[in-house]
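Build the 3D model from these lines:
(one chain, ligands or ions: 2)
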Amino acid sequence: MAPVTMAEMWTTMGSTIASFMFVWAIIRQYCPYEIRRFLEKYTHRFMGYFYPYIRISFHEFAGDRLKRSEAYSAIEAYLSSNTSKSAKRLKAEMGKDSTNLVLSMDEFERVTDEFMGAKVWWVLTKSVSPTRTMSMSYYPEQERRFYKLSFHKRYRDVITDVYLEHVIREGKEIRIRNRQRKLYTNSPGYKWPSYKQTMWSHIVFEHPATFETMALEPNKKKEIIEDLLTFSQSKDFYARIGKAWKRGYLLYGPPGTGKSTMIAAMANLLSYDVYDLELTAVKDNTELRKLLIETTSKSIIVIEDIDCSLDLTGQRKKKGEKSSGELDEGKLGSKERKDAKEEGNNNGGGNSSKVTLSGLLNFIDGLWSACGGERLIVFTTNYVEKLDPALIRRGRMDKHIELSYCSFEGFKVLAKNYLRLENHQMFDKIESLIGETKITPADVAENLMPKSPLDDPEKCLCNLIQALEEAKEEAEIAAAEEEAKKRDEDSKEIEAIKEEEAETVAGQ
Ligand SMILES: Nc1ncnc2c1ncn2[C@@H]1O[C@H](COP(=O)(O)OP(=O)(O)OP(=O)(O)O)[C@@H](O)[C@H]1O
Ligand SMILES: [Mg+2]
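Ligands and ions are numbered 1, 2, ... in the order given. From the prediction side, this is the model:
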């Protein structure tokens, strides 16, 4: 028999591998899932005796499945930055501040990395669970994505001890650098498809408000900023005292005094995401907890108009019903929004919501609230007096911030923002008028806004003075009417007493 040449040997090996791959592809395509699993298991075991490579998988939703694995996210970031140059098929996503594109490897793409002389291969792959094969229907949630890392067994120690730690650490840093901040909502009126993995939907958070542009007394502003910065730097402190790393803020005050604006300023100051929780769209306490678990750290969870979202007896507000304060005071801005909320709720959120006060208290400081860490919970309300003390006690709402009518200091900030004016001869008049009037920063801002390209700063200041004088006049008329009403009531009361006395005397 003629000796087998090297070339022949390679050819035979090549065709054997090709045949094996072909058979394997057919098995994968047509065999039932159970048989395929069985064959896979024994093939892997058999190959393990000869195959010198080690493989590690990092699944996107590992273990509890509720949250995306942090390791997976870190690896994704690491690979997008370190290996995207060598990958041939890439995915592109917007990066921080929508200014740059971040590239990462696409599914089934394989890239190589080198570390301390060791060569490793990463593949992004996915597995399909049995449901899809059996029902032949398409459920995206049945697909599980994972990264597979392969390396030679002689590098085992260096990879498991040093390389993986390096990948996770660097990946986390890259994620923070590339992070595009998001505004999440649990959108009322939108029915989530059953396959959707997350209950939140999001857009990029791009609100420009900062504490610098907020009309607020300088001392109060400084105090709030310091409080927020101290919180964000206190990870070790919270761990030491055994408290979950979160802080509650209650922002209260009349409509248009800057509560929502302050939330945006807080998010911008700390570079946090914002979760705008629409409580009326939450079905029950279980769903509320699920939403909480899905929030990430470095975020602000906001519940606006908490008094309208939850009846403080623990019962939900009924359809079309309005709170007494709302009817009494008829505050238009927030009333309109509340109506819109109810409308949204009726549209699709359903009115079968069963979130209770105790469910909400649990949300704020129950055991589940500690997962994730570094979170602010912010409630806003126009009527602080209507809130259950249990809801806003310290420990739950740690800091209560009143946002009130515009002061002269606040006006000066707005004049600087809107008109680029630090001082003007009309400021004195405005100072005296603003001290005697209740005008919201929103109204001041609206008056300082040029209404036509020809409006100069003087015109805007004149508009404001006029608005202040009108507000003052209205307040005086209202006070006079109130006084007259009170006098009327007093005299009626006196008359009633006199009549009663006369009746008593006549009866004797
Ligand atoms: N303190 C403030 N500093 C700067 N701008 C403000 C301030 N308060 C209000 N504004 C301006 O008024 C507008 C309305 O303010 P914002 O929505 O923050 O009020 P709010 O207190 O949340 O009102 P509501 O109770 O109706 O929700 C903002 O777009 C902002 O331009
Ligand atoms: Mg608001």
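
Correct me if wrong: A209 contacts A264.
Yes: between A209 and A264 there is a contact under C-beta atoms under 8 Å: 4.0 Å. In short, each C-beta sits where N, CA and C put it, glycine included.

which of those two has more neighbours?
It is A264, of A209 and A264, that has more neighbours when counted by other C-beta atoms under 10 Å, with 21 against 18.

Give me the phi and psi for K88.
For K88, the backbone dihedrals (degrees, to the nearest 10) come out as phi -100, psi -30.

And for it, the neighbour number?
Neighbour number of K88 under other C-beta under 10 Å is 9.

Leaving aside the residues adjacent along the chain, what's closest to it?
E109 (6.8 Å; C-beta to C-beta, 6 or more residues apart in numbering).

Next, the contact list for that neighbour, please.
By C-beta atoms under 8 Å, 6 or more residues apart in numbering, the residues touching E109 are A87, K88, R89, L90, V123, L124.

for stretch 485-496, what is the average pLDDT?
Averaging pLDDT along stretch 485-496 yields 90.

Other residues contacting it?
With C-beta under 8 Å, 6+ apart, stretch 485-496 has no contacts at all.

C-alpha coordinates for that stretch, PDB please?
The C-alpha atoms that make up stretch 485-496 are tabulated as PDB, following Å, rounded to 0.1, in the frame of the first residue of the first chain:
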ATOM      1  CA  LYS A 485     -67.900  87.300  52.600                       C
ATOM      2  CA  LYS A 486     -66.500  86.800  56.100                       C
ATOM      3  CA  ARG A 487     -68.300  89.900  57.400                       C
ATOM      4  CA  ASP A 488     -71.500  88.600  55.800                       C
ATOM      5  CA  GLU A 489     -71.100  85.200  57.500                       C
ATOM      6  CA  ASP A 490     -70.200  86.800  60.800                       C
ATOM      7  CA  SER A 491     -73.400  89.000  60.700                       C
ATOM      8  CA  LYS A 492     -75.500  86.000  59.800                       C
ATOM      9  CA  GLU A 493     -74.000  84.100  62.700                       C
ATOM     10  CA  ILE A 494     -74.700  87.000  65.000                       C
ATOM     11  CA  GLU A 495     -78.300  87.200  63.800                       C
ATOM     12  CA  ALA A 496     -78.800  83.400  64.200                       C
END
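
Pretty sure W24 sits in a helix.
Yes: assessed with DSSP: H, G, I helix; E, B strand; the rest coil, W24 lies in a helix.

can you tell me the helix or strand for I497?
Taking DSSP states H and E as the definition, I497 sits inside helix 457-507.

Domain-wise, how is the protein divided?
Domain assignment for the chain by automatic domain parsing gives 31-130+141-180, 183-402, 408-494.

Any part of the last one near ligand 2?
No: contact check for domain 408-494 against ligand 2, using C-beta under 5 Å from the ion: none in range, with a minimum separation of 9.6 Å.

in what helix or strand does the closest residue to ligand 2 within the stretch 201-350 of the chain lie?
Closest to ligand 2 within the stretch 201-350 of the chain is S260: 3.2 Å, counting by C-beta to the ion. S260 belongs to helix 259-270 when assigned by DSSP H and E.

Figure out how far that helix is from the centre of its chain.
12 Å (C-alpha atoms, centre = their mean, to the nearest Å).

so what does it touch, helix or strand wise?
helix 218-232, strand 246-252, strand 273-276, strand 299-303, strand 375-381 (3 or more C-beta pairs under 8 Å, 6 or more residues apart in numbering; DSSP states H and E).

contacts for the first one?
To tie it back to what came earlier, the one meant is helix 218-232. 211, 214, 216, 247, 262, 266, 269-270, 374, 376, 399, 401, 409.

same check, this time on stretch 101-108
76-77, 79-80, 83-84, 87, 89-95, 111, 122-126, 145, 178.

Is the helix holding S260 in proximity to ligand 1?
Yes: Helix 259-270 reaches ligand 1 (C-beta under 6 Å from any ligand atom) through K259, S260, T261.

That helix to strand 375-381, inter-axis angle?
160 degrees (axes from the mean of the first three to the mean of the last three C-alpha atoms, to 10 degrees).

I'd like to know how far F151 sits from V158.
Distance, F151 to V158, using C-beta to C-beta, to the nearest Å: 9 Å.

likewise Y184?
The value you get for Y184 to V158, if C-beta to C-beta is used, is 40 Å.

Compare these two (neighbour count), which wins?
Y184 (24 against 16).

Contacts only, for that one.
Y184 touches W200, S201, H202, D273, V274, Y275, D276, T295, counting by C-beta under 8 Å, 6+ apart.

For it, give me phi and psi.
Torsion angles, degrees, to the nearest 10, at Y184: phi -100, psi 150.

quick one: pLDDT of it?
Value listed for Y184 in the pLDDT field: 93.

swap in Y190?
So Y190 comes in at 49 (pLDDT).

just V102 next, same as before
For V102, pLDDT reads 69.

ok, back up a step: mean pLDDT and distance to ligand 1 for the helices and strands packed on helix 259-270 - can I get that in a markdown table?
Below are the helices and strands packed on helix 259-270 laid out as a markdown table (pLDDT from 0 to 100; distance: least, C-beta to the nearest ligand atom, whole Å):
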| stretch | mean pLDDT | distance to ligand 1 |
| --- | --- | --- |
| helix 218-232 | 96 | 10 |
| strand 246-252 | 95 | 8 |
| strand 273-276 | 94 | 12 |
| strand 299-303 | 95 | 11 |
| strand 375-381 | 94 | 6 |
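
Just confirm yes or no for the helix holding I497 near ligand 1.
No: counting by C-beta under 6 Å from any ligand atom, ligand 1 has no neighbours in helix 457-507; the shortest distance is 13.9 Å.

of all the residues in this protein, which ones are close to ligand 1?
Contacts of the chain with ligand 1, taken as C-beta under 6 Å from any ligand atom, map to 214-216, 255-261, 333-334, 382, 441-442, 445.

Is there a quick PyMOL command that grabs whichever of these are buried?
A single PyMOL command is used to select the members of the residues of the chain next to ligand 1 judged buried by 16 or more other C-beta atoms under 10 Å:
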select buried, resi 214+215+216+255+256+257+258+259+260+261+334+382+441+442+445
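
Among the residues of the chain next to ligand 1, name the least confidently predicted one.
Comparing the residues of the chain next to ligand 1 by pLDDT, G333 comes last, at 44.

follow-up on the earlier one: taking strand 299-303 as reference, get the angle to the helix holding S260.
170 degrees.

Other residues contacting helix 259-270?
181, 205, 207-211, 213-214, 224-225, 228-229, 232, 249, 251-253, 272-274, 298, 300, 302, 304, 376, 378, 380, 401, 403.

For D490, the count of nearby residues, please.
10.

do the same with E107
E107: 12 neighbours (other C-beta under 10 Å).

and if you look at V123?
17.

Which of the helices and strands in the chain ranks last by mean pLDDT?
In the chain, no helix or strand scores lower on mean pLDDT, DSSP states H and E than helix 324-329, which sits at a mean of 37.

tally of neighbours for the closest residue in space to A415 that isn't next to it in sequence?
Of all residues not flanking A415 in the chain, L421 sits nearest, at 4.7 Å (C-beta to C-beta, 6+ apart). Applying other C-beta under 10 Å, we find 18 residues neighbouring L421.
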